[in-house]
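[1] The following block contains a protein sequence and its predicted model.
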Amino acid sequence: MYEEVTGSLVQSYNICKRQVWLMAHQIIPDQEHPYIEMGRLIDDISYDRDRKKINFENVVIDLVRNDNGNLLVGEIKKSSKAVESARLQLLFYLYKLKQSGIDAKGQLFFPDERKKIDVRLTDESEMEVVSAINEIRDIINMDKAPAFKKIPYCKNCGYKEFCLS
């Protein structure tokens, strides 16, 4: 089985390999989970003046703006607690754009914290993205989900009921 790697899978990759497998196999998390609903709300109400939700191949970019003549793509997150996962997701978007000949810079936005973090695709970070894509494909192609491992993110995860039952 080959599943196209998406930004959501890349974001989950740094947090939980089991979640990657579940998402890729269309096992949907609890859509009524308060953290999923809160994330949707923050995404909807933040940065109104910018162009939002741009679909490009297997990528959904939260925000696009002109930054002094340069293309800036942004990813909006509820909190910076999982900043490394958000950074890898945004690097994945920048990588996909670069593959199509589009040069862009990135920025992570944490509206509740009034925080922004610049993200640039470098040769080193590009290798990190390619490695993650390859590992995600390996996870997706496993016959069954990786074993459950309790981690701090479990308490706020939309898959909690699934994994703990």
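    Everything's here; your move.
[2] In the protein, where is pLDDT below threshold?
    1-3, 29-53, 165 (pLDDT under 70).
[3] If you count residues, where's the longest strand of this protein?
    strand 59-67 (DSSP state E).
[4] Spatially nearest residue to residue 102, not counting backbone neighbours?
    In this structure, residue 102 finds its nearest non-sequential neighbour in residue 71, 6.8 Å apart by C-beta to C-beta, 6 or more residues apart in numbering. (Glycine included, C-beta is placed from N, CA and C.)
[5] how about the strands in this protein?
    51-56, 59-67, 70-76, 105-110, 115-119.
[6] closest one to residue 96 among those strands?
    Closest to residue 96 of these is strand 59-67 (C-beta to C-beta; 5.2 Å).
[7] what are the pairing partners of the closest one, and which direction each?
    Here strand 59-67 is paired, per DSSP bridges, with strand 51-56 (antiparallel), strand 70-76 (antiparallel).
[8] could you check the angle strand 105-110 makes with it?
    Relative orientation of strand 59-67 and strand 105-110, computed by axes from the mean of the first three to the mean of the last three C-alpha atoms, to 10 degrees: 100 degrees.
[9] still on that earlier bit, from residue 61, how far off is the residue nearest to residue 102?
    Using C-beta to C-beta, to the nearest Å, residue 71 is found at 10 Å from residue 61.
[10] who's more crowded, the two?
    Neighbours around residue 71 and residue 61, counted as other C-beta atoms under 10 Å, are more numerous at residue 61. The numbers are 22 against 15.
[11] if I pick the more buried one, what's in contact with it?
    Contact analysis of residue 61 by C-beta atoms under 8 Å, 6 or more residues apart in numbering lists 53, 54, 55, 73, 74, 75, 93.
[12] gap between the nearest residue to it once chain neighbours are set aside and residue 75?
    Residue nearest to residue 61 in three dimensions, not counting chain neighbours: residue 54, with 4.4 Å by C-beta to C-beta, 6+ apart. For residue 54, the distance to residue 75 equals 12 Å [C-beta to C-beta].
[13] try residue 95
    13 Å.
[14] More neighbours: the two, which one.
    The neighbour comparison of residue 95 against residue 75 (other C-beta under 10 Å) goes to residue 75, with 25 against 19.
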